[in-house]
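Chemist: Attaching a predicted model along with its sequence, questions to come.
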Amino acid sequence: MLGKLEEFFGKHKKLVIIGFVICMAVFAGINGYKHIADSKIEKIDYTRFRAMLDKGEITEIEYSQNKEYMTVVASHGSRYKTLHPRYEEFRKEMLEHGVNLKAHADLAATELMVIILELVIVSVWFVVIIYSQWNTGKLRAGDIVKKSDVHFTDVIGLDEIMDDINLYVSMIKEPKIGRKIGARAPKGLLLAGEPGTGKTLIAKAMACEAGVPFISISGSEFAELFKGVGAKRVRQVFKIARRHTPCIVFFDEIDAMGGSRSSIKADSEDVQIINQLLKEMDGFTPTEGIFVLAATNCPDKLDRALKRSGRFDRQIIVNPPRDWKVRKQMLEFYLKDYKVAEDLEITSLAKAISGFTGADISMICNEASLIAITKEKSRIDMECIEEAIDKKVFKGSRSKNKQHEKDREIVAYHEAGHAVMKYLCGEPISRVSTIGTTSGVGGAVFGQEGESQFVTRDKLEHDVMACYAGQISENIKFGSVTTGASNDLTQATKLLKGYVASYGFDTKIGPVDLMYLKEEERAAAHIVTDRVQALSRIFYDKGAGLLENSYQLVEVLAEKLLESETMTGSEIEELLDSVHLINNI
């Protein structure tokens, strides 16, 4: 019976609520109407009633044996209320006076039924509320227990972490592997990294390769209106997991439910959720065969107790692919389902999309196909995919309105300044674009990553000078600067802050990590600010001198960009090499 009631409320909860509201409105309306009608009848004392009766002014009386008052209708149509005398001869006396009597049925039973009906409706409503609170947060195994069909072959560009992942999977599949030497699989594995790097994909692939059920739920699903529901859901997740062992429990966006308790009110719902999660993952709770995975973009926001040994024993950082060869594999993987032109230069594209995640690469491939349809092309060519990359980088579509000629010239010399500075510093260039977009961005220089993952002092200095080179070029050519360099200045300041405060590159400060000092130590902040300002002027002047001595290269490249708008790195190098060769002759 309870199961059928639960099913009925689950399917028709809104209907029950609407029906209850309508019934209560009807009863309220009836009672209100009766109250208003009764309140409009004038009440008179019994003496006046007798006087009116003796004068023959009473024509009708409405009464009930259980009512204290009776309603009197006068000959002129007015209605009055007066006390009802319950002596035996009253009816006979009224009939002798020619008064018409209307004796109503006993209303007590009817009113009792109304009261009972109202109580039933209120009780049903109470049950609905209790059920709603009980059912809110209730998880069903069919909703969260899934079978993953993602294999490790679908996970590209994460070779650096796959050894750890494979070991984890092996210990899930064969616990005996660890027991031979007394080892056990980590209870919790935290996948941290930028959005779109493939954390969820890894979790699904692990469940598929291990051949175990995949219990997946987002951290945001634990926040509910009713207090205590989030903690209840945590208990239910692990209760379901115990019925499906061995299994993988995956909490996506765990920072939404496992944030630091130091920044939350002690009696809040979030604290209850975290405490329950800590309890479930604690070593005293029987979790044999339950392997917990979690993904987050913000590992620093997680509660420290959650990351301690015995809960999330291991943390794996999932970064965007640093090697252009890996990005090339991703491009080939995502483009295999599209029709592409034979002259598509995937290698140069892979070098141009430094910092792109797997999700970004998937997006630009699909965007390129949409652009090809718009341009009525049968295949994706370089133009389509470059425009898709521009959409991602500039966060806008290419503008159809031609820029004013003066603006085009400023953008060309600005971007040429960036490119030539990179060329002079020996830094690789992938592509330069001066095409305007709807977001207002005028152009960009796409660089390439070096062979090493480390950044040297010289490399960072070159990057800072390259940031300033666009504004320097504007000043040399036009005698003034524009707001187009605002983003360049932001990037240069960010690099210089790391140069001074974190990397120990500044010889005056020495090998000290100033960022480690507490924020309230204002002296450290002043030191960083003063040194960043001083170094910005040093590198700006150094870059200006270097660019002034080779400004012919900027002139040649800017003129070419005004003509073609987009150039590849090889085209730029060939052009600048030829100018260098002529000058040396």
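Modeler: Perfect, thanks for sending it.

Chemist: Could you give the average pLDDT over stretch 313-322?
Modeler: Stretch 313-322 carries an average pLDDT of 83.

Chemist: measure the residue nearest to residue 414 when sequence neighbours are not counted to residue 488 for me?
Modeler: Nearest residue to residue 414, sequence neighbours excluded (C-beta to C-beta, 6 or more residues apart in numbering): residue 470, at 4.2 Å. Glycine gets a C-beta too; all of them are placed from N, C-alpha and C. Distance of residue 470 to residue 488, computed by C-beta to C-beta, to the nearest Å: 5 Å.

Chemist: ok, these two, which is more surrounded?
Modeler: For residue 470 versus residue 488, the count of surrounding residues by other C-beta atoms under 10 Å is larger for residue 470: 29 against 19.

Chemist: contacting residues for the more buried one?
Modeler: Counting by C-beta atoms under 8 Å, 6 or more residues apart in numbering, residue 470 makes contact with 414-415, 417-418, 484-485, 488.

Chemist: pLDDT score assigned to it?
Modeler: Per-residue pLDDT puts residue 470 at 91.

Chemist: isn't there a strand covering residue 249?
Modeler: Yes: counting by DSSP: H, G, I helix; E, B strand; the rest coil, one finds residue 249 located in a strand.

Chemist: Would you mind giving the secondary structure of the residue nearest to residue 414?
Modeler: Under three-state DSSP, residue 470 comes out as helix.

Chemist: ok so, going back, now secondary structure, pLDDT and distance to residue 147 too, for the contacts of residue 470, in a markdown table please.
Modeler: Supplementary listing: those in a markdown table, determined by DSSP: H, G, I helix; E, B strand; the rest coil; pLDDT from 0 to 100; distance: C-beta to C-beta, whole Å:
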| residue | secondary structure | pLDDT | distance to residue 147 |
| --- | --- | --- | --- |
| 414 | helix | 91 | 54 |
| 415 | helix | 88 | 51 |
| 417 | helix | 92 | 56 |
| 418 | helix | 90 | 51 |
| 484 | helix | 82 | 53 |
| 485 | helix | 84 | 54 |
| 488 | helix | 89 | 50 |
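
Chemist: which residue ranges form the strands in the stretch 101-250 of the chain?
Modeler: In the stretch 101-250 of the chain, the strands defined using DSSP state E, counting those that start in this stretch lie at 145-146, 188-193, 214-218, 247-252.

Chemist: now the first one: mean pLDDT?
Modeler: If I follow you right, that is strand 145-146. In this model, strand 145-146 has an average pLDDT of 72.

Chemist: ditto for stretch 498-516
Modeler: 83.

Chemist: tell me which of the contacts of residue 470 is nearest to residue 370?
Modeler: The nearest member of the contacts of residue 470 to residue 370, counting by C-beta to C-beta, is residue 415 at 26.7 Å.

Chemist: Relative to residue 345, how far out is the closest one?
Modeler: Per C-beta to C-beta, residue 415 is found 21 Å from residue 345.

Chemist: now do residue 173
Modeler: 42 Å.

Chemist: Equivalent analysis for residue 354, please.
Modeler: For residue 354, the distance to residue 345 - C-beta to C-beta - is 16 Å.

Chemist: what are the ranges of the helices in the stretch 201-350 of the chain?
Modeler: 229-243, 269-281, 304-307, 324-335, 346-352 (DSSP state H, counting those that start in this stretch).

Chemist: Please state the offset of the shortest one from the chain centre?
Modeler: Going back to what we said before, that points to helix 304-307. Relative to the chain's own centre, helix 304-307 is displaced by 23 Å; criterion: C-alpha atoms, centre = their mean, to the nearest Å.

Chemist: Dump that helix to CSV, keeping only the CA atoms.
Modeler: Extracted C-alpha coordinates of helix 304-307, given in CSV (Å, rounded to 0.1, in the frame of the first residue of the first chain):
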residue,chain,number,x,y,z
ARG,A,304,41.8,19.7,4.1
ALA,A,305,40.3,16.7,5.9
LEU,A,306,38.9,15.5,2.6
LYS,A,307,42.3,15.4,1.0
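
Chemist: number of nearby residues for residue 336?
Modeler: Residue 336: 9 surrounding residues under other C-beta under 10 Å.

Chemist: ok, now residue 503?
Modeler: Neighbours of residue 503 (other C-beta under 10 Å): 17.

Chemist: how far away is it from residue 496?
Modeler: For residue 503, the distance to residue 496 - C-beta to C-beta - is 10 Å.

Chemist: about what we covered before: mean neighbour count and distance to residue 201 added to the helices of the stretch 201-350 of the chain, as JSON lines?
Modeler: As requested, the helices of the stretch 201-350 of the chain are exported to JSON lines (neighbours: other C-beta atoms under 10 Å; distance: least, C-beta to C-beta, whole Å):
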{"stretch": "helix 229-243", "mean neighbour count": "19", "distance to residue 201": "21"}
{"stretch": "helix 269-281", "mean neighbour count": "20", "distance to residue 201": "23"}
{"stretch": "helix 304-307", "mean neighbour count": "16", "distance to residue 201": "23"}
{"stretch": "helix 324-335", "mean neighbour count": "19", "distance to residue 201": "12"}
{"stretch": "helix 346-352", "mean neighbour count": "20", "distance to residue 201": "20"}
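
Chemist: so which of the ones you listed comes closest to residue 160?
Modeler: helix 324-335 (9.5 Å).
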